[in-house]
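Student: here are the coordinates; sequence isn't available:
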C-alpha cells in the first residue's frame, strides 16, 4: 500500500498550502502572546493560526492536497460566497451550543484532540526543561486558527517548537477534479461535481533540539483533512503523520525504544503499518546529497483514508501515535539530558545540526516552497531550525569512532525492532 | 544592457555545470594536499580541479551556458572522440614549449591569471590571519584541474575559501544549437554547425567569513568561458563575475570604500558598467523570503562578450576587478578585525550568518541543484557555508539600534557612491 509517488503528491500539497498561507499573513494585532497555562480559549472563541507554515510537514499537516498553486489561486479569487453559514461558522455554533463529544464531527474531535495534546506536550517539555514556552496564538478571519509554542535557550532544549493549526477553506471545482484522482469519495458521483467544496485541516507539528549532544532531536507531525458536503457532513477525509528521531550519538537503547513504541502503536491497528511507514520515513527523511538519512527514522505516512481503514480506527491510531510521544521521548531525554560530554562532542552535534539545516532548507519541499513564496510567514516556517549549527570543510569522523558509527547507521538504515 | 533574463540563463548554466561535476567525482588518489607556499605546479603539469562546485557562482564561474542536463548527458555519453589532440593537450603542449605570454590564447592567460591571483589572495589572507590555508589540488583526466584553498578556525577568519578551476570539455550539437541563441559567434554560419565543439572554462571563487562581527563577510567570483574552433582558435567567448559584501554591522565607510573601488574599476572600462552591475547584484543576492538583500551588494555581471566590449578590454576589466580585491578588502578588515564587541553583537552576527545560509541553500541555484545531483562533490559546494550560524524564533532588532539600521539598508538597497 506504500504510495508509489508520495513525493509528487506531497509537493502538490505543499504548494497548495503555501499559496494559501501567503494570503493569510498575520498582522501583529491579530497575534496574542501568553503563557500556556492560561491558554484556554475563552468559551466560543475561535483561535486561529495563520497556518503553522512550519516546514513541509507543517503543510502536509494541513492535508491540502493534490492541487496546484494555480488551482489554489482560483480558490482565493473565485471563491464561491455562500449565503448559508460557512463550515467554520457551523462548527463554532456546534462547539458553543453542544460542546465536543465522541459523537461530534471528526473536525471538532481532531481539533480538540490536537489542542489538548499540544498542552500535554508543552507541559511535559516545560517540566523537563524548567523553562516556559513562548505562546503565540493566531486567528484567521476566514475560519480556524492555532497556537505556536516555542521554547528557546532553555536548560535542556536549545530550541523546541510545538504548533497546532486549524484551517477552514474552500476548494474550487478544478481542485476537486484533481483531488478526486486520489480520493474517490470526494464527490458522490461523476455527474454531481459541485462548483466548490469547503474543507477543513487540522494538525500538530513538533520539533525539539536538545542542548546535550547525547540527547536526540525529535520531530513529529499528525494531521487530518476533510472536505464537507453542502449539509456539513464529511465528504472525503484522510489522516497523515509520523515521528522521527535524529541523534548525534547513537544509543541503540534509545533507537530501539523509539521504534518499539511506534511499532506497538502501529501493530495495535494494523500489523503491516510499521513496516510500510518505517520504510516511508527512511525514504522521505533522506539527505540525498550526503547519501545519508537525517536520523535513525521512525514512521511517516499519508493518505490514510477509507481505502486503508475505517475512520474511527484511523483516528484511534493517530491518537495513539500522538499520545505515545511524551512517554517515549521523555524517558529517552531523562537518560541523556545530563550526561557528561566534551567540547568535541558538542562540536559534532553542531555539525549534525548543519546537516539537519541542509535537509530542511534543501530537501524539505514545503520549506523550500514556502520560503520562495512571497508573503509567507517565515518565522513559522523556520521554527524548525536549530538554535545553532556548524559546517566544517572536509570534516570526517575518525574511523571506528562513535561519530563514524552514527554515520554508518545513517548510510545504512537499520531495522531496530 | 542588463540581461532581462539572467535567472533563466544562470539556471540553465548551473544545471549543465552540475551534471558535469556529477560525472567527475574526485577519488582521493587524485587529490593532493599541500601548503600554498609550495603550490607552484611542476613545469608543464596540468593541475586540474574536479570543478570548484562552490555554489552557484562556482558554476557560473565555469560559464557553461544555455544547455540542459539532458544535453550535457549527451556530452558525456556521445562525446566525439577525435584522433587529433584535444584542446587540453594542445594547451598543455603550448604551455610546455612556449610558456604563457600576452600573445597566448585567452585560455592560457586566464588560467595563469586566476592561479596567480589565487596565490596573491591566499597570501594576503594568510598574512592577515596568521593561519595557513589547507590546499587541495585536484586533477581531471579529461583535461583541466584546479586548487581549492580553505582556512578554517583562524585568528581573523572563522572560514575562508578560495577556489580556482580550469575545465576542458566537449559540447555536442544540441548544446551548440542552444548556445547559439545567446552567442551568435559560436559558429561561423548556420550552414556549418559542427557535430561538437570543445570548450574551456576557468574561474576563481572566494568567500571569507570573519570572526569579528564588525568585520564583513565577502564573496567574489570571476570566470571565463570559450568554445574552440577545430583549429584551436577561439570561437564564442564571454566573461562573468562580481563581488559583494555582507556586513553584520554597517560601517558606511566600508560600504562606500567597497563600492567606490568597484565603481573605479568599472568606470575605467565603461561608464555604464557600475550602475548596471550594481543593480544586477542587488537583484541576484536577494533573500526574497526575508524581503532583504544578503548584504550591501557590490557588482554582478555575466555574458560580457564581443557584443558588449572588445575581448582584451573585458579581460583587462576582469583583471582589474580581481586585483582590486586585496587592496579593498584588507584595509576594511584591518579597521574591523580587532574592534571590541559584545556577546550580543557576536550573537547578531550568527543570526545574520543564518540568513547567509538561507540564501545559499534556498536561493542560490547552483548550490540547490548541485546538492540535488547524485555524486556531486558536496564539500566543494558547501565550502561557502559559515563555520557557525544561528536561528532564533521571532528575533527582531530593537528599534533604532545598529542592528535595525543594517536591516533597514538590506530592505532598501542604497546607492553608496
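Tutor: Arrived safely. Owing to the predicted nature of the structure, the values given are computational and were not obtained by experimental measurement.
Student: can you pull the contacts of residue A:230?
Tutor: Counting by CB atoms under 8 Å, 6 or more residues apart in numbering or on different chains, residue A:230 touches residue A:194. For every residue, glycine as well, the C-beta is placed using N, CA and C.
Student: wait, is it part of a helix?
Tutor: No: applying DSSP: H, G, I helix; E, B strand; the rest coil, one finds residue A:230 to be coil, outside a helix.
Student: Need the phi and psi values for it.
Tutor: As for residue A:230, its main-chain torsions (degrees, to the nearest 10) stand at phi -50, psi -30.
Student: Chain B versus residue A:296, what's the distance?
Tutor: 21 Å (CB to the nearest CB, to the nearest Å).
Student: is it true that that residue touches residue A:255?
Tutor: Yes: counting by CB atoms under 8 Å, residue A:296 does reach residue A:255; the two are 4.8 Å apart.
Student: who has more neighbours, these two?
Tutor: Each of residue A:296 and residue A:255 has its neighbours counted (other CB atoms under 10 Å in any protein chain shown); residue A:296 has more, 27 against 22.
Student: Just say helix, strand or coil for that one.
Tutor: Quick answer, by three-state DSSP: residue A:296 is coil.
Student: how about the residues of the stretch 101-250 of chain A near chain B?
Tutor: For the stretch 101-250 of chain A, the contact set with chain B under CB under 8 Å from any CB of the partner chain comprises A:134, A:136, A:150, A:152, A:159, A:161.
Student: Pull the most distant pair out of those residues.
Tutor: Farthest pair in those (CB to CB) is A:136 and A:159. Separation: 14.7 Å.
Student: start to end distance for stretch A:131-141?
Tutor: Stretch A:131-141 has an end-to-end distance of 32 Å (criterion: CA to CA, to the nearest Å).
Student: average model confidence for that stretch?
Tutor: What stretch A:131-141 shows for mean pLDDT is 87.
Student: Tell me who's in contact with the nearest residue to residue A:186 once chain neighbours are set aside.
Tutor: The shortest distance from residue A:186 to any non-neighbouring residue, by CB to CB, 6 or more residues apart in numbering or on different chains, is to residue A:236 (4.0 Å). Residue A:236 is in contact with A:179, A:183, A:185-186, A:226-227, A:305, counting by CB under 8 Å, 6+ apart.
Student: again, but for residue A:128
Tutor: By CB under 8 Å, 6+ apart, the neighbours of residue A:128 are A:156, A:330, A:333-334, A:337.
Student: Also residue A:395?
Tutor: residue A:351 are the contacts of residue A:395 under CB under 8 Å, 6+ apart.
Student: which phi and psi does it have?
Tutor: phi -70, psi 130.
Student: ok, how many other residues are close to the residue of the stretch 101-250 of chain A found nearest chain B?
Tutor: When scored by CB to the nearest CB, the stretch 101-250 of chain A has residue A:150 as its residue closest to chain B, at 4.5 Å. Residue A:150 has 22 neighbouring residues, counting by other CB under 10 Å.
Student: for residue A:192, same thing?
Tutor: 7.
Student: pLDDT score for it?
Tutor: 76.
Student: would you say it is within a helix?
Tutor: No: under three-state DSSP, residue A:192 sits outside any helix and is assigned coil.
Student: before we move on, back to that, give me the buried entries from the contacts of residue A:236.
Tutor: A:179, A:183, A:186, A:226-227, A:305 (16 or more other CB atoms under 10 Å in any protein chain shown).
Student: Which members of the residues you listed occur in helices, if any?
Tutor: Cross-referencing the buried ones among the contacts of residue A:236 against helices under DSSP state H gives residue A:179.
Student: Put together JSON lines for the buried ones among the contacts of residue A:236, with distance to residue A:100 on each row.
Tutor: Shown next, in JSON lines, are these (distance: CB to CB, whole Å):
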{"residue": "A:179", "distance to residue A:100": "27"}
{"residue": "A:183", "distance to residue A:100": "25"}
{"residue": "A:186", "distance to residue A:100": "25"}
{"residue": "A:226", "distance to residue A:100": "16"}
{"residue": "A:227", "distance to residue A:100": "20"}
{"residue": "A:305", "distance to residue A:100": "22"}
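Student: could the buried ones among the contacts of residue A:236 go into JSON lines alongside pLDDT?
Tutor: Shown next, in JSON lines, are the buried ones among the contacts of residue A:236 (pLDDT from 0 to 100):
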{"residue": "A:179", "pLDDT": "77"}
{"residue": "A:183", "pLDDT": "78"}
{"residue": "A:186", "pLDDT": "79"}
{"residue": "A:226", "pLDDT": "92"}
{"residue": "A:227", "pLDDT": "89"}
{"residue": "A:305", "pLDDT": "92"}
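Student: Tell me which residue of the stretch 151-300 of chain A lies closest to chain B.
Tutor: Counting by CB to the nearest CB, the stretch 151-300 of chain A gets nearest chain B through residue A:289, at 3.8 Å.
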